[in-house]
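> I'll drop the sequence and a predicted model, then ask my questions.
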Amino acid sequence: MAIEHLEHTADLGIRAIGATLEEVLCEAARGLFGLMLDVSAVRACQEYAVHIEADSDADLLVEWLADLLAQKELTGLVFSTFDIRIDRRGTVPRLDGVAVGETLDPVRHAPRIEVKGISYLGLDVRPVKDGWIAQCIVDV
């Protein structure tokens, strides 16, 4: 049997900017759903509570986005509004919050691409001069 490696470009990047770490992670989530659909058409009908711990701010971004993506896949919920708080009192950062949205409506939400996962490739979360920046690559 022969094996051939094929080049395949199946990635897109998200870069978010915010005044605080919480704001930049919320913007990254909005960017994730913005890749997949028209977030301006998503109504605030249901809340999904999120509780995540991770070893670093960068890991928190990946876990946060992966959790939201998993909810979309498992329940059909899509989100447009996010409210989170990050607690640094423990040994690792903890994110607690809510994502607000509704069940996917293919007519109103105009689905675009399907995001399959969140990658550690190109992962960067850090403070900058006027706030924070967060970026990652998603598999499509």
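Alright, I've got the coordinates. Note that the coordinates shown come from a computational prediction; the quantities given were computed from them, not determined experimentally.

> what about this protein, any weak spots by pLDDT?
Low-confidence segments of the chain, defined by pLDDT under 70: 1-9.

> buried set for stretch 71-80?
71, 72, 77, 78, 79, 80 (16 or more other C-beta atoms under 10 Å). For the C-beta atoms, the positions are set from N, CA and C on the backbone; glycine is no exception.

> Could you list the residues in contact with the lengthiest helix in the chain?
Counting by DSSP state H, the longest helix found in the chain is helix 57-75. Applying C-beta atoms under 8 Å, 6 or more residues apart in numbering, the contact partners of helix 57-75 are 21, 25, 28-29, 32-33, 36, 48, 50, 52, 54, 77-79, 84, 86, 93, 95, 99, 103-104, 115, 117-118, 120, 123-126, 134, 136, 138.

> Which helix or strand lies directly C-terminal to that helix?
Note on helix 57-75: by DSSP states H and E, the next helix or strand toward the C-terminus is strand 77-87.

> and that following strand, which strands flank it?
strand 94-103 (antiparallel) (DSSP bridges).

> Just after the strand it pairs with, pick out the following helix or strand.
Per DSSP H and E, the first helix or strand lying C-terminal to strand 94-103 is helix 106-109.

> Against which helices or strands is that following helix packed?
Counting contacts by 3 or more C-beta pairs under 8 Å, 6 or more residues apart in numbering; DSSP states H and E, helix 106-109 packs against no other helix or strand.

> Now stretch 120-128: buried residues?
Buried, per 16+ other C-beta under 10 Å, within stretch 120-128: 123, 125.

> on that earlier part again, next, the angle from the longest helix of the chain to strand 94-103.
30 degrees (axes from the mean of the first three to the mean of the last three C-alpha atoms, to 10 degrees).

> Quick one: distance of helix 57-75 to the chain centre.
Helix 57-75 has its C-alpha centroid displaced from the chain centroid by 6 Å (C-alpha atoms, centre = their mean, to the nearest Å).
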